[in-house]
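**Q** With the input below, show me the fold.
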Amino acid sequence: MVNAVNVQPKVHIGKVIRNAVVFNFRNWREGTVNTDTLLQNVASLFVLLRKQHIEYLLVGGVALLQYVEGRNTEDIDLIMALSSLKKLPEIEVISQETNFVQGKFGELQIDILLTRNRLFERVRRRYATTQRFVEQDIPCASVEGLLLLKLYALPSLYRQGNFARVGVYENDIATLIYNYRPDLASLFEELAYHLSDTDLAAVQEIVAEIEQRIERFGKGFTSNK
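**A** Numbering: from 1, shown residues only. Got it, this is the predicted structure:
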């Protein structure tokens, strides 16, 4: 069941994405900055999803902004069935893998996590809430749902040697754990169905290190006088 949660102040998705694009100087160097239509693209996307009765879940950096301040993101991340995506010819498919699709809706980049992946479908069905955004009320991943997705992704990011994204994901994980104190044991039980024993053990080790950092943060530093 999707439960309504009233979060203040409301996140303006269009402005978040527009600001991220504007302040990414790589976009200026590449001459790809065109923010005039981004606000309208974002609003139109969610109107389209509602009009077409598409089942989806907002995840990624925008969803995280309901729980963590200061997150920066240039795209929309959605969990969706491939059959639903095929009902949306307005989304141009740029690339497609087994579990992921990258698309564009006007100037807006959209990353789609396909529900053919069992964990993605599980998060969409069981770890969802409704959050109030400026654009409209949107089905959005819960804290536990976001943690499951980020923990699930870590082994792959490590194997890819993607140090920058590993750092971002681990910081997001640490902040969610620190702010919300979720039941990590139940999350590990869920992940056990979707990760190998080796990957699960590695993820548990990473989380243990994060918890140690949180404990040190709680103790603080004594002043030297």
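
**Q** So which residues of this protein form helices?
**A** Per DSSP state H, the chain has helices spanning 13-22, 25-30, 38-51, 60-64, 82-85, 118-126, 143-160, 163-180, 184-191, 197-219. These are given in chain order.

**Q** so where is this protein shaky, pLDDT-wise?
**A** Along the chain, the model assigns pLDDT under 70 to residues 1-9, 22-36, 220-225.

**Q** what residue is smack in the middle of the protein?
**A** For the chain, the residue nearest the mean C-alpha position is residue 60 (1.2 Å; CA atoms, centre = their mean).

**Q** and residue 174, how far is that from residue 180?
**A** Between residue 174 and residue 180 the distance, using CB to CB, to the nearest Å, works out to 11 Å. To be clear about C-beta, it is placed using only N, CA and C from the backbone, and glycine gets the same treatment.

**Q** neighbour-wise, which of those two wins?
**A** residue 174 (18 against 14; other CB atoms under 10 Å).

**Q** wait, what's in contact with that one?
**A** For residue 174, the set of contacting residues under the criterion of CB atoms under 8 Å, 6 or more residues apart in numbering consists of 210, 213, 214.

**Q** what's near enough to touch the first one?
**A** By CB under 8 Å, 6+ apart, the residues touching residue 210 are 170, 173, 174, 177.

**Q** So if we follow the domain assignment, how does the protein break up?
**A** The domain map for the chain lists 7-135, 145-219, with the assignment taken from automatic domain parsing.

**Q** Looking at those, which one is packed in the most?
**A** Relative to the other members of the domains of the chain, domain 7-135 carries the highest mean neighbour count by mean count of other CB atoms under 10 Å, namely a mean of 17.

**Q** before we move on, the earlier item: out of the contacts of residue 210, who's nearest residue 14?
**A** The shortest distance between residue 14 and any of the contacts of residue 210, using CB to CB, involves residue 173 and amounts to 26.9 Å.

**Q** Residue 213 versus that closest one, what's the distance?
**A** Note on residue 173: its distance to residue 213, by CB to CB, is 11 Å.

**Q** Over to residue 140?
**A** Shown here: residue 140 relative to residue 213, a distance of 27 Å by CB to CB.

**Q** Let me see the contact set for residue 105.
**A** When the contact criterion is CB under 8 Å, 6+ apart, the partners of residue 105 are 41, 44, 45, 90, 91, 92.

**Q** Turn these into JSON lines, including distance to residue 74.
**A** Listed next are the contacts of residue 105 as JSON lines, based on distance: CB to CB, whole Å:
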{"residue": "41", "distance to residue 74": "12"}
{"residue": "44", "distance to residue 74": "17"}
{"residue": "45", "distance to residue 74": "14"}
{"residue": "90", "distance to residue 74": "20"}
{"residue": "91", "distance to residue 74": "17"}
{"residue": "92", "distance to residue 74": "17"}
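
**Q** now, among these, which is nearest to residue 52?
**A** Residue 52 has its nearest neighbour among the contacts of residue 105 in residue 90, at 9.4 Å by CB to CB.

**Q** That'll do, ta.
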